[in-house]
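Asker: take a look and give me a structure for this.
(one chain, ligands or ions: 1)
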Amino acid sequence: MSQKTWDQEPHPARLEERLDNGVVRCHLSPRNCKIRPGQHGFCMVRANRDGRLVTLNYGRSVHATEETIETEAVFHYAPGARILSMGNVGCMLNCDYCHNWKTSQARYVEDKDIYHYTPEQVVDIALRHDIKVISWTYNDPVVWHEFVVETAALAKAAGLVNLFKSAFFISGEAIEELLPVIDIFSVSIKSLDPKYYRKITKGWLEPVLEGTEQVFRAGKHVEVSTLMVTDLSDDEKTAREMATFVGERLSPDVPTHFVRFHPDYKMTDTIRTPVDRLERARKIALDMGLHHVYLGNVYDTESTNTWCRQCGRLQVTRYGLNADMAGLDADGSCVSCGTRAPIVQLPGARRRARVPEPPAAERVEVAHFDWHGDVRALHVQVRNTADAPVRAYHRRYGDPAADQGWEVIDLAPQESFRYIAAKSTADEAGVQVAVPPQCTSSLHQVFDRAHFPTVEAGAGTLNDDISPLPLFQPRTRR
Ligand code: SF4
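Answerer: Numbers count the residues shown, from 1 in each chain. Below is the predicted model of the structure:
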């Protein structure tokens, strides 16, 4: 294996405690790692260099990617909003089924997948593409603390909204540093069973619950989700305990998501969560008094939609990672009874420009990708190799009723941009990409929500029930 370089520029870390003999303690996650000179913490991206705590992933990211807010299990804030997803390297947990192990487990990260960004560049990308929300996501933003806090502050000053999608195994002190800059917290609570946390995630439960309460009490927009792992956490007990936690320690109004699992990482000898178990969990939580309970990574179900609690009118329909607010007016009130929906509106956060057809001169290379099995979303990466601006295009095809033409992606000189195209109706067949001759492009299959694929379409498996990522091969040395 070649020598890595992404972790060779240490940056001073916050939340450091200096101990005797050059040892430091990290107070970023509840693990409170005690780190000797030259050693790493559990996450592998914080280290002791000459008696000081440093972070090794400052500004180191997977490719910045435009997605939709539904990708982050956020349904009650600007449905359909385009977000700029930023993910990094490392994690304070090591879940046996991790969907992003190629980036969360630092020892498997390859330089080819890592890009260098400054806080100013991240904000500039969002502003240039008219994206209103920056999402700190994927592997886990907790271990990117310094870069997140600094960039989120800059983004906020520029009028942008910050979303933090996390397993939230984080200290109270670190949360206090996030509160001034983060607007939305989407917390993934893996289970309500302390033994499950220890065994499957290598973390522990109570700090996650306390942290979620802390941000909720601070008045932030909070949504929670649980990955229902087949035969491990897709039972009635998990649904009941989740509903009890949300109802008693947060509020019945907090949107709650039961999310379908797919086999991955060390847990491939199993199947996707049966959908009837997810529907059962949703019914239990609704019967126990929660007001907004949804399914994730499930298609062709009504359990992803939102209805008016006053008159029952359908307000938001969702298909996969797409949303349509057909039952709400511009102010976010029900078009039937006028009742204000419990959904935050963010004006101007939705659509890109569209054209019926790209100009012939700009439509030289066309790629097609057909949806297959459970692969119903795609990252499209386009790079402008010219010193002048160009436009790239894509459209979803196969369903004439939903075909709204070609979306336009404006690219600055030499810009590389990545965005998601996700199936939006049951009848849609796939995606078509058109770029001018000055552009290169690549396609990357996305398997389920908040998954960052590191391989191109065709390089992974095409097994409908297993991640298209290369299968996990254990490595013992870094
Ligand atoms: S972030 Fe957590 S896992 Fe990483 S060094 Fe700090 S305490 Fe340890």
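Asker: just checking, V149 is part of a helix?
Answerer: Yes - read with DSSP: H, G, I helix; E, B strand; the rest coil, V149 is one of the residues of a helix.
Asker: distance of it from the ligand?
Answerer: 14 Å (Cβ to the nearest ligand atom, to the nearest Å). Using the backbone N, CA and C atoms, a C-beta is placed for each residue, glycine as well.
Asker: can you classify the nearest residue to that residue once chain neighbours are set aside by secondary structure?
Answerer: Spatial nearest neighbour of V149, excluding adjacent residues (Cβ to Cβ, 6 or more residues apart in numbering): E177 at 5.5 Å. For E177, the assignment made with three-state DSSP gives helix.
Asker: kindly report the same for K199.
Answerer: Here K199 is helix, with the state taken from three-state DSSP.
Asker: any idea how many residues pack against M288?
Answerer: 16 (other Cβ atoms under 10 Å).
Asker: actually F417, not the one I wrote
Answerer: For F417, the neighbour count with other Cβ under 10 Å is 22.
Asker: quick check, pLDDT for it.
Answerer: Looking at F417, its pLDDT reads 94.
Asker: check contacts around the residue of the stretch 201-350 of the chain found nearest the ligand.
Answerer: With Cβ to the nearest ligand atom, the shortest gap between the stretch 201-350 of the chain and the ligand falls at G203, namely 9.2 Å. By Cβ atoms under 8 Å, 6 or more residues apart in numbering, the contact set of G203 is P30, R31, M92, L93, A167, F169, Y197.
Asker: so where does it fall, helix or strand?
Answerer: According to DSSP states H and E, G203 maps onto no helix or strand at all.
Asker: cool, L127 as well?
Answerer: Using DSSP H and E, L127 sits within helix 119-128.
Asker: okay if I get the contacts of G203 as CSV plus secondary structure?
Answerer: As requested, these are exported to CSV (three-state DSSP):
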residue, secondary structure
P30, coil
R31, coil
M92, coil
L93, coil
A167, coil
F169, coil
Y197, helix
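Asker: give me the number of residues near the residue in the stretch 1-150 of the chain that the ligand sits nearest to?
Answerer: The stretch 1-150 of the chain approaches the ligand most closely through G41 (2.2 Å), counting by Cβ to the nearest ligand atom. Applying other Cβ under 10 Å, we find 24 residues neighbouring G41.
Asker: ok, it - contacts?
Answerer: Contact analysis of G41 by Cβ under 8 Å, 6+ apart lists C26, R31, C33, I35, A47.
Asker: A167 now?
Answerer: Taking Cβ under 8 Å, 6+ apart as the test, what A167 contacts is C91, M92, L93, C95, D140, V142, V187, S188, K190, T201, G203, V208.
Asker: report the beta-bridge partner residues of the nearest residue to it once chain neighbours are set aside.
Answerer: Leaving aside its sequence neighbours, A167 sits nearest to S188 (Cβ to Cβ, 6+ apart; 5.0 Å). Counting by DSSP bridges, S188 forms beta bridges with S225.
Asker: what parts of the chain come near the ligand?
Answerer: Contact residues, the chain versus the ligand (Cβ under 6 Å from any ligand atom): C26, L28, S29, R31, N32, C33, G41, F42, C43, R46, M92, V143.
Asker: export these as JSON lines, with columns for pLDDT and secondary structure.
Answerer: Shown next, in JSON lines, are the residues of the chain next to the ligand (pLDDT from 0 to 100; DSSP: H, G, I helix; E, B strand; the rest coil):
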{"residue": "C26", "pLDDT": "98", "secondary structure": "strand"}
{"residue": "L28", "pLDDT": "98", "secondary structure": "coil"}
{"residue": "S29", "pLDDT": "98", "secondary structure": "coil"}
{"residue": "R31", "pLDDT": "97", "secondary structure": "coil"}
{"residue": "N32", "pLDDT": "97", "secondary structure": "coil"}
{"residue": "C33", "pLDDT": "97", "secondary structure": "coil"}
{"residue": "G41", "pLDDT": "96", "secondary structure": "coil"}
{"residue": "F42", "pLDDT": "95", "secondary structure": "coil"}
{"residue": "C43", "pLDDT": "95", "secondary structure": "coil"}
{"residue": "R46", "pLDDT": "96", "secondary structure": "strand"}
{"residue": "M92", "pLDDT": "93", "secondary structure": "coil"}
{"residue": "V143", "pLDDT": "96", "secondary structure": "helix"}
